[in-house]
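Participant: any chance you could fold what I've pasted below:
(one chain, ligands or ions: 1)
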Amino acid sequence: MAATPGFETRAVHAGASPDPTTGARQTPIFQTTSYVFDDVDHAASLFNLQTFGYIYSRLTNPTVAVLEERVAALEGGRGGTATASGHAAQILALFPLMEPGADFVAATKLYGGSITQFGRTFKKFDWRCTFADFDDPEAVRKAIGPKTKAVFCESLANPGGVVHDLQRIAEIAHGAGIPLIVDNTMATPYLMQPIAHGADLVVHSTTKFLSGHGHAVGGMVVDSGKFDWTKSGKFPTLSEPEPAYHGLKFAETFGDLAFTVHGHAVGLRDLGACQSPMNAFLTLAGIETLALRMDRHCANALAVAQFLEKHPAVSWVSYAGLPSSKYAALAKRYLPKGAGAVFTFGVKGGYEAGVRLVESVQLLSHLANIGDTRSLVIHPASTTHRQLTPEQLKAAGAGPDVVRISVGIETVADIIADLDQALAKSVKKAA
Ligand SMILES: *Cc1c(COP(=O)(O)O)cnc(C)c1O
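Facilitator: This is a model prediction of the structure:
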């Protein structure tokens, strides 16, 4: 094939070929911890990073490598590092950039778990996070200081269906000599490829739409290969000699693969958050149908959002695919194929009505996940976001009346009918 294959073709084929020894057409699950060396010289060159190959599955594994290549191909990136979870991907993405006392600037509107990870747990490493309102790119510029190493936001922010002006934010980050990291979990590369808009690193919770079936927790870091890690002097981990590898300089030795090689040779080696071959296999199977699923997810989500917007028990709907959304223009520009399938709405009757709604659904599942083929619903204030203070809840778009829905690929009339009966119950008891 001369030209770059289309998205759907890459989703089925990128990174994979029939197994050379058995002819197996599907990527095998290489359920092995370790790999036999040809001889001592071969082992030495692998350990010195002079030859690419397999040593131990904490660093690299052939099934996981296919997933890494596939997601990198879908994102238009240079390389990928698969991780045990989306949260592990966030640590792996920041690890080469950060050091004790350094900070990064992150959006206030993020997945609740990310706010906790960034704002609380990272303090243990003395990694500091400054939260800023990314609806105002100037606020991002003002939050960047001399020790800031990265800017972080979501392409389509969880839970509110929020779209930031990524191009402007990328320009601001690059103006300060630092990379933009975008969590593309909710949009997936089918709806948006952040690298095309200036992002340098993309992180995923593959747990969600990429695997798509709610059967495997996993994460991924994709590097664009475009950021110059040597220019500003801010990233010595990548630009300066690494003692554990005989003074090798990652940026000099591996060029546009430096971040990805470091992710395996140091990140996974020492942090240990590798993805299992079984989960990589399941996620690869999910990715094959990503385009088909996302089209259905988006069409169903739009219909459900339109239904909710007219419903008397609903006070507001925040879906970037609706003309009423303040993010409608940005969504049109950045997400022309659809605004995803996860959004929030407000129930009249506040906290109590929200709790009653999620306890009354029958087809929908009340649980803490998104991106499943099944429709899922949750009341963030009583679950995913309950660790946050009232101010953080408000800033994160997860106030007491907020319900989050992840619209599945079932028959849309059935999803709407279930919401209709559950909303009737939430109103009745609230009255
Ligand atoms: C779920 C999620 C994460 C965390 O991923 P895990 O796989 O659960 O660790 C991070 N960001 C977003 C946007 C998510 O939805």
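
Participant: spit out the contact partners of Phe247.
Facilitator: Small correction: residue 247 is Gly, not Phe. Pro241 (CB atoms under 8 Å, 6 or more residues apart in numbering). Any C-beta I mention is one placed from the backbone N, CA and C, and that applies to glycine too.

Participant: relative to the ligand, how far out is the spatially closest residue to Tyr54 that is not a sequence neighbour?
Facilitator: The spatial neighbour of Tyr54 that comes closest, neighbours along the chain excluded (CB to CB, 6 or more residues apart in numbering), is Tyr35 at 4.0 Å. Distance of Tyr35 to the ligand, given as CB to the nearest ligand atom, to the nearest Å: 27 Å.

Participant: what's the burial count for Tyr35?
Facilitator: 15 (other CB atoms under 10 Å).

Participant: tell me the centre residue of the protein?
Facilitator: His204 (2.6 Å; CA atoms, centre = their mean).

Participant: need the contact partners of stretch 25-44.
Facilitator: Under CB under 8 Å, 6+ apart, the answer for stretch 25-44 is 16, 18-19, 22, 46, 51, 53-57, 61-63, 66, 277-278, 281, 284.

Participant: out of those residues, which are inside helices?
Facilitator: 46, 62-63, 66, 277-278, 281, 284 (DSSP state H).

Participant: can you pull the pLDDT of Lys429?
Facilitator: Note for Lys429: predicted pLDDT of 54.

Participant: those residues of the protein touching the ligand, which are they?
Facilitator: Contact residues, the chain versus the ligand (CB under 6 Å from any ligand atom): 85-87, 111, 113-114, 154, 158, 183, 185-186, 205, 207-208, 217, 219, 370.

Participant: quick one on the thing from earlier: just curious, which of the ones in helices among the contacts of stretch 25-44 is nearest to the ligand?
Facilitator: Met278 (15.5 Å; CB to the nearest ligand atom).

Participant: mind listing what that closest one touches?
Facilitator: 29, 31, 216.

Participant: could you dump the residues you listed into a markdown table and include pLDDT?
Facilitator: Listed next are these as a markdown table, based on pLDDT from 0 to 100:
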| residue | pLDDT |
| --- | --- |
| Ile29 | 97 |
| Gln31 | 97 |
| Ala216 | 96 |
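
Participant: burial check on the residue nearest to Val304 when sequence neighbours are not counted, number of neighbours?
Facilitator: Of all residues not flanking Val304 in the chain, Val407 sits nearest, at 5.2 Å (CB to CB, 6+ apart). Other residues within reach of Val407, judged by other CB under 10 Å, total 30.

Participant: now the phi/psi pair for Gly23, please.
Facilitator: phi 80, psi 0 (degrees, to the nearest 10).

Participant: ok, back up a step: return the item of the ones in helices among the contacts of stretch 25-44 having minimum pLDDT.
Facilitator: Leu46 (89).

Participant: that residue: neighbour count?
Facilitator: Around Leu46 there are 20 residues (other CB under 10 Å).

Participant: show me what contacts the residue lying closest to Thr63 once chain neighbours are set aside?
Facilitator: Of all residues not flanking Thr63 in the chain, Pro277 sits nearest, at 4.0 Å (CB to CB, 6+ apart). Counting by CB under 8 Å, 6+ apart, Pro277 touches 29-32, 57, 61-64.

Participant: hmm, which of the contacts of stretch 25-44 are the buried ones?
Facilitator: Buried subset of those (neighbour count, 16 or more other CB atoms under 10 Å): 16, 46, 54, 57, 61-63, 66, 277, 281, 284.

Participant: on that earlier part again, which of the residues of the chain next to the ligand fall within helices?
Facilitator: 86-87, 113-114.

Participant: which residues in the stretch 201-350 of the chain form strands?
Facilitator: Applying DSSP state E, counting those that start in this stretch to the stretch 201-350 of the chain gives strands spanning 201-205, 219-223, 314-318, 342-347.

Participant: my read is that Gly267 contacts Leu92, right?
Facilitator: Yes - with contact defined as CB atoms under 8 Å, Gly267 reaches Leu92; the gap is 4.8 Å.

Participant: common neighbours of the two, please.
Facilitator: Shared contacts of Gly267 and Leu92, counting by CB under 8 Å, 6+ apart, come down to Thr81.

Participant: ends of stretch 215-223, what's the gap?
Facilitator: Using CA to CA, to the nearest Å, the end-to-end distance of stretch 215-223 comes to 26 Å.

Participant: burial count for Asp295?
Facilitator: 15.

Participant: number of nearby residues for the closest residue to the ligand within the stretch 51-200 of the chain?
Facilitator: As assessed by CB to the nearest ligand atom, the ligand sits closest to Gly86 within the stretch 51-200 of the chain, at 2.2 Å. Gly86 has 23 neighbours, counted by other CB under 10 Å.
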